[in-house]
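Asks: Below is the structure, and that's it, no one-letter string:
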């Protein structure tokens, strides 16, 4: 066996195609980063170039925001469009529907709990989608600078996808709720593929 190569023995009673598919999915999922993602690095570099100094993934009130300005009590999160239910780019996986439905629900519920916990402790919370960092970096940096310099700003709310149900006509029924006020949810019928941005 060569160093760095994994040999997989496939059981005879299991379809080798399914085993290969599961191994590939597992390998792909293990490569997804939770920290130091490209959007996170882009925002950090831009903020650093503006003279802002911050802590990374520093624990505050039992929560680990991506960027923390302790003296200003400002917490910044960069949320992946898939993992956190972006209304523009979320795509419901076709396999393991129950697993992914529960994962989306758990992620959005955790986002809500963490955001509310920080707000109750006097923190200002900014949450950005990864696509915002990639396509609107200057506006995101300007917003962070504005909130950093004017701590009275309280920008916390945003829509998130909390559930996607496939329909008989080939569309999907999306439940989109406000991160902090879920009574203001709405339903939308959408086609399978999100817009390209």
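Replies: It's in. Note that the structure is a prediction, hence the values are computed from the model and not measured.
Asks: Could you find the closest non-adjacent residue to residue 160?
Replies: Using C-beta to C-beta, 6 or more residues apart in numbering and skipping residues adjacent in sequence, the residue nearest residue 160 is residue 85, 4.3 Å away. Quick note: C-beta positions are derived from backbone N, CA and C, even for glycine.
Asks: is it true that the one you found touches residue 161?
Replies: Yes - in this structure, residue 85 is within contact of residue 161 by C-beta atoms under 8 Å, at 3.6 Å.
Asks: can you list residues touching both of these two?
Replies: 104, 108 (C-beta atoms under 8 Å, 6 or more residues apart in numbering).
Asks: When the two are compared, which one has more neighbours?
Replies: Neighbours were counted for residue 85 and for residue 161 using other C-beta atoms under 10 Å; residue 85 has more, 27 against 22.
Asks: Give the next helix or strand downstream of whichever strand or helix holds residue 161.
Replies: Assigned by DSSP states H and E, residue 161 belongs to strand 159-166. As assigned by DSSP H and E, the chain's next helix or strand after strand 159-166 is strand 172-178.
Asks: Name every strand pairing with that following strand and say which way it goes.
Replies: If you go by DSSP bridges, strand 172-178 pairs up with strand 159-166 (antiparallel), strand 186-190 (antiparallel).
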